[in-house]
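Engineer: pasted the sequence and its predicted model underneath.
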Amino acid sequence: MNLYGWLQIILYLVVLLALVKPLGTFMAKVYQGERTFLEPVLGPVERFMYRLSGVNPGEDMSWKTYAVAVILFNAFGLLAVYLLQRFQAVLPFNPQGLGPVSADSAWNTAVSFASNTNWQGYGGETTMSYLTQMLGLTVQNFVSAATGMAVLVALIRGIVRHTAKGIGNFWVDLTRSTLYILLPLSLMVALALVSQGVAQTFSEYKAILPLQATTSATDQMIAVGPAASQIAIKQLGTNGGGFFNVNSAHPLENPTPFSNFIEMLSILLIPAALCYTFGKMVGDTRQGWAILITMTLIFAAFLSLAVWAEQGGNPAFTAMGVDQTQTHLNPGGNMEGKELRFGIANSALWATATTAASNGSVNSMHDSYMPLGGMVPLFMMQLGEIIFGGVGSGLYGMLGFVIVAVFIAGLMVGRTPEYLGKKIEVYEMKMAALMLLIPILLAKVGTAIAVVNPLGLATIWNTGGPHGFSEVLYAFSSAANNNGSAFAGLGANNPFYNIALGICMFFARYWLIVPALAIAGSLARKKKVPASSGTLPTHTPLFVAWLIGVIMIVGALSFIPALALGPIVEHLMIFGM
Amino acid sequence: MKQPQDNRRLLHRSLWSLLAMIYEKVKMTIQTKKVTTVRREMYQRAVVESFIKLDPRAMVRNPVMFVVEVGSLLTTVLWIQALLGQGEAPTGFIGAIALWLWFTVLFANFSEAVAEGRGKAQAESLRKARKDTPARKVRGEARDVQATLSNVEVVSSTALRRNDLYLVEAGDILPADGEIAAGIASVDESAVTGESAPVVREAGGDRSAVTGGTRLLSDWLIVRVSADPGEGFLDRMISMVEGAKRQKTPNEIALNILLAGFTIIFLVVCATLLPYSLYSVGAAGKGTAITITVLVALLVCLIPTTIGGLLSAIGIAGMDRMIQRNVIAMSGRAVEAAGDVDVLLLDKTGTITLGNRQAVEFIPVNGVDAYELAEAAQLASLADETPEGRSIVVLAKEKFGLRGRSMGSSDEAPEGMHFIPFTAQTRMSGVDFDGTAIRKGAPDTMIEIIHSNNNGVPSDLRPAVENIARMGGTPLVVSRNSHALGVIHLKDIVKGGIKERFAQLRKMGIKTVMITGDNPLTAAAIAAEAGVDDFLAQATPEAKLKLIREHQAGGKLVAMTGDGTNDAPALAQADVAVAMNTGTQPAREAANMIDLDSNPTKLIEIVEIGKQLLMTRGALTTFSIANDVAKYFAIIPAAFASTYPVLNTLNFMRLATPESAILSAVIFNALIIIALIPLALRGVPYRAVGGAQLLRDNLLIYGLGGLIAPFIGIKLIDMLLVALRLV
């Protein structure tokens, strides 16, 4: 890849890291109930909403109450989205007259959007009415993201508080996340996107004459709609569910290099800044930086692998006489499935970012990547969506890994392990082990079921090699880690995959939220142990290296056999080793 | 890694004897000159034990090794199937895998048996001391041996209950634990402490507790029983050292959960590999699906068998290391807590300073002659049998040629002389004779007395007192008929090397607090000289308790030692409480550890043992998990060799054949357990450095080492298998 490609990647990381501190500080203020500059505008709205819904913002919830509130709220959202889809034909804002969504697809989509996965078994412009998109999907884009942030904040409070019963108020955390963070940011991003030409309209689809007439069609339907507003939150809330079927590869969803930059930035912005918020709230920003550096290093390493694999090109193309040499005019490398306006650098960067965070939106087709290039997004998801990860969920997942890392390292320094002054004991280990286990089990068992039963095998279009296996593994890794990214190449909009993937998404989300909140409750009750020189420091380069080691080893040990039968062997076969 | 000679011998012999047991089924007499018979018996018993421990009901307590046992059974069944001609793989291969899986389980059991063996040997000798003995039970109250003798009935020691009284005379074995009600006697406690020098036990004071099973050497005692049969100190000790009722400690449970988590992950990894393999065979259109034998081999290699197999040995060995240092921990929990201690409360006397202060100077005041002062001081100290008292007599003799008049104890006071003994309430002692009252004591007490007799305090008294205190000495004011004569300078001698010890503790993140009855000035001077972080002066039991509670409220763990009854509340409050074996029964009951040597400095060693225990667990866990990387490189290419031969690119160790690769990994996995038994028993060496440095060092050794070692080991085993034409 040429210098400009690398410069774009570096510029991206610099801008991202520069925004971490201001946004992180702002979010810490929001969650600590402090005054922000938005208070005069939004304060009355916030208070009005509490009055309207009868919420007592002063109530401090125990972890169990908090968990019940989370689950009830999400169950309601899930049901609402399901019903909206089933009845969209008789509801307004349906200029195309789209019919009801099938039961299995509606279940899949409802779970998908409630759980912040945003896996899309359907094609947006051919399935969902404007009302479903806006009232169902866009609303869930906000609240599912806010749910993740709320759970994270509750966990942070568990670490910060000592000998306390409560971990905060879910309704307040949910409201403040949406009102002060997600809405203003979405507004800014949406406006920026509209300025670049992203569609934002309620009008019906446009029929235009093709520039070049073909024999089969005289005119062409151009799908439009209120896209920019949904795309903004889709990126910011690590949702990823596109307005159009091809997601951000669509010219009306992502028209220019600048819109592409904004959208990519939006993917990692909040997850990265939350690390700083975490440091700020626990009273030691070094702790937040240590986690952010851990994430960034793993991210950079895999990004490099993806770029290297894609730029290396495909021997099959060489055999066909395709020129894959890189020049000033030719991006070179494997351009299959990539948009010319983005090229290899921006495609690989997006692919890595969207799977590192549990976003799942795409601007290129991952299925067409080289085996190792495609393995990068696959493995980023399999790591458990903790390299930035989903908004909130990424960091609480990461804290689960931190607990395991601290536990083993703590033993190695000869003390009962403690993190930020809280002892890590039997209960925390149980819950942290659950958090690690569940996504791995779901992804592996789901794939296993799919590849040996006729229902699953029926829609694996890529037969006769390891690629089909990669596609199934990718789908289940995506669902079991609430990412929502699709490798494609697999027919997933059928009852078997809709139901199986729906189950994965459901358990991956809620079976992780409950242990995370349980840890919060347990930590909040504990005393705080003052640090001494015998304490294990958790902000040093050494600890960062150790944490990277633990994450990589758990991820690698869990998935290497599967990867060996998918992308690794495919790579070896292509390159004839 | 340097290993002591005997450990290497252990490793060698254990392997040898295991093989002998299985293949030849002949009980071999092993003759090695250097190994004693006792040792040999211990290891032989451990070998037998490791087979007995195969009982699944016992194995299920350890999830990791239970999975291995199930795997061993499964492969054995497959082997039998293969023998009958329906094998999924070559019979020899399945048989070899099955055999080495059984070895893996046996090696783990063997490590536990060896660890337990050490304790059992000690328990055996303790049990001998606990035999039923006839006891002379006293009816009713008794104060005196003659009165009691007519009032006893002989019963079995098991018939004694709490609060019964019994009588023992010279030569008797004490039938039960108790508190001396009357009498003074010397006791041989070697059965408990291993120390052959007799100790004196008497009613009242801090040396009034006696232990059942010890032997009375002289005089007689009337003892009030403090424990029902089976609950005595010796019984508790036996069950502790035997590890029979060993409860898993909280930290061990937490680690077990983590290991179980990894085991579940790997179970799923291996179980799902079968469908993946089936699909791949279909997709590639060639080869055969992975065999159950290979899946089980892969599973056993991946699950953390190294730490899983050694975990219980590590715990038992930790307790055992305490016992070797003559400390009996009442629970494994206490040993673990020792590693977490943040604050050490150390008694000044005996721990920081040598037990005895010595008189170094007489400082007369108010124009009194030094000779006069020395004489008065000597008279006041004649009956004072404490080292301090004696040092005053000696100093007077050395400096002024005053001969100490020979005096025994206060009972034999010369005509007309009446000695007033020191008590904690009066804080002074002295002598009355011929109408003269000589007193010596703590300055504030003495000044109060002088005041209360309306005598003036000489102007140079306070400066002299303060000057001594500032230098870390203890001033004793001497008065005659409530007139101050002068001050004796008693000097504390700080133990050699103690300052360096505290510096180490500081690096470990442990704060030291010196507890002393001295006044703040004196305490500060000694604290500075000894290098402790803080001190509690004029400590009362209440002040100690308060100090402990304050630290605990701040989330800290506190350790302390104590021996007196007044220490009991603080001991009960402390997280790690070590009672001196010479201490009183209440102190011993309040503590969670008992130091049989009654050496207060041992607290520091106890902390180190606790840390070592945790570190050994952490290090072996890291090692165990890091090992898996190499095993993947050995097994994955081999497992799918028939479907995707191209995967052999990953076999960069160049292992000879798929069979040799898998077998080598399994053999390495089994042998590493045996190789690490010595480390598990001995513990990872602890150095007093900060947490960051410890982590770095251990990560380098056990993390990086764990990553690299199996590559070398597996390759070597593979070469050996090829050389021996076994594959």
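Structural biologist: Thanks, I have the structure now.

Engineer: any stretches of the stretch 51-200 of chain B with poor pLDDT?
Structural biologist: B:125, B:129-131, B:141-147, B:191-197 (pLDDT under 70).

Engineer: residues touching the residue in it that chain A sits nearest to, list them.
Structural biologist: For the stretch 51-200 of chain B, the residue closest to chain A is B:Pro63, as judged by C-beta to the nearest C-beta, at 12.2 Å. Every residue, glycine included, has its C-beta placed from N, CA and C. By C-beta atoms under 8 Å, 6 or more residues apart in numbering or on different chains, the residues touching B:Pro63 are B:Asn256, B:Leu259, B:Ala260, B:Thr263, B:Gly308.

Engineer: number of nearby residues for the first one?
Structural biologist: By other C-beta atoms under 10 Å in any protein chain shown, the residues close to B:Asn256 number 22.

Engineer: wait, a strand at it?
Structural biologist: No - assessed with DSSP: H, G, I helix; E, B strand; the rest coil, B:Asn256 is helix; it does not lie in a strand.

Engineer: separation between it and chain A?
Structural biologist: 9 Å (C-beta to the nearest C-beta, to the nearest Å).

Engineer: relative to B:Gly315, how far out is that residue?
Structural biologist: Distance of B:Asn256 to B:Gly315, computed by C-beta to C-beta, to the nearest Å: 11 Å.

Engineer: what do the two both touch?
Structural biologist: Jointly contacting B:Asn256 and B:Gly315 under the rule C-beta under 8 Å, 6+ apart are B:Lys248.

Engineer: show me where pLDDT drops low in the stretch 101-250 of chain A?
Structural biologist: For the stretch 101-250 of chain A (pLDDT under 70), the answer is A:213-218.

Engineer: 90 instead?
Structural biologist: In the prediction, the stretch 101-250 of chain A carries residues with pLDDT under 90 at positions A:117-138, A:199-227, A:229-230, A:239-247.

Engineer: quick check: residues of it near chain B?
Structural biologist: A:His162 (C-beta under 8 Å from any C-beta of the partner chain).

Engineer: hey, where'd the strands end up in the stretch 201-350 of chain B?
Structural biologist: Ranges of strands in the stretch 201-350 of chain B, per DSSP state E, counting those that start in this stretch, are B:209-210, B:215-216, B:220-225, B:327-329, B:343-347.

Engineer: can I get the ones you listed in a markdown table with mean neighbour count, distance to chain A and mean pLDDT?
Structural biologist: Output for these, formatted as a markdown table (neighbours: other C-beta atoms under 10 Å in any protein chain shown; distance: least, C-beta to the nearest C-beta, whole Å; pLDDT from 0 to 100):
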| stretch | mean neighbour count | distance to chain A | mean pLDDT |
| --- | --- | --- | --- |
| strand B:209-210 | 25 | 32 | 83 |
| strand B:215-216 | 20 | 40 | 84 |
| strand B:220-225 | 24 | 38 | 86 |
| strand B:327-329 | 25 | 16 | 83 |
| strand B:343-347 | 24 | 10 | 87 |
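
Engineer: would you reformat those strands as TSV and include distance to A:Ile574?
Structural biologist: Output for the strands of the stretch 201-350 of chain B, formatted as TSV (distance: least, C-beta to C-beta, whole Å):
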stretch	distance to A:Ile574
strand B:209-210	80
strand B:215-216	84
strand B:220-225	84
strand B:327-329	61
strand B:343-347	63
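
Engineer: nearest to A:Ile386, of those?
Structural biologist: With C-beta to C-beta as the criterion, A:Ile386 lies closest to strand B:343-347 of those, at 36.7 Å.

Engineer: my guess is A:Asn247 contacts A:Val362, does it?
Structural biologist: Yes - the pair A:Asn247 / A:Val362 is scored as a contact, 4.9 Å apart, by C-beta atoms under 8 Å.

Engineer: and the contacts of B:Pro63 as TSV, adding distance to A:Tyr180?
Structural biologist: Formatted as TSV, these follow (distance: C-beta to C-beta, whole Å):
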residue	distance to A:Tyr180
B:Asn256	44
B:Leu259	43
B:Ala260	42
B:Thr263	44
B:Gly308	49
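
Engineer: most surrounded residue in those residues?
Structural biologist: Most surrounded of these: other C-beta under 10 Å gives B:Gly308, at 28 neighbours.

Engineer: now B:Met514, what's its secondary structure?
Structural biologist: Here B:Met514 is recorded as strand under three-state DSSP.

Engineer: neighbours of it, just the number please.
Structural biologist: So B:Met514, with other C-beta under 10 Å, has 27 neighbours.

Engineer: if I look at it, what pLDDT would I see?
Structural biologist: In this model, B:Met514 is scored at 90, pLDDT.

Engineer: how about B:Leu536, phi and psi?
Structural biologist: Note on B:Leu536: backbone dihedrals following degrees, to the nearest 10 are phi -120, psi 110.

Engineer: got a list of what it touches?
Structural biologist: Counted by C-beta under 8 Å, 6+ apart, B:Leu536 has contacts B:Leu345, B:Val513, B:Met514, B:Ile515, B:Thr516, B:Ala523, B:Ala543, B:Lys544, B:Leu547.

Engineer: now the second one, which residues is it bridged with?
Structural biologist: Going by DSSP bridges, B:Val513 is paired in beta bridges with B:Leu345, B:Asp534.

Engineer: pretty sure it is touching B:Asp533, no?
Structural biologist: Yes - assessed by C-beta under 8 Å, B:Val513 is found in contact with B:Asp533 at 6.8 Å.

Engineer: the more surrounded of the two?
Structural biologist: Legend: neighbour count by other C-beta under 10 Å for B:Val513 and B:Asp533, higher for B:Val513 (21 against 15).

Engineer: what ranges do the strands span in chain A?
Structural biologist: Per DSSP state E, chain A carries strands over the ranges A:206-208, A:220-222, A:418-419, A:422-423.

Engineer: would you mind finding the most buried of the ones you listed?
Structural biologist: strand A:422-423 (a mean of 24; mean count of other C-beta atoms under 10 Å in any protein chain shown).

Engineer: specify which member of the contacts of B:Leu536 is nearest to B:Leu571.
Structural biologist: B:Lys544 (9.4 Å).

Engineer: surely that closest one is within a strand?
Structural biologist: No - according to three-state DSSP, B:Lys544 belongs to no strand; its state is helix.
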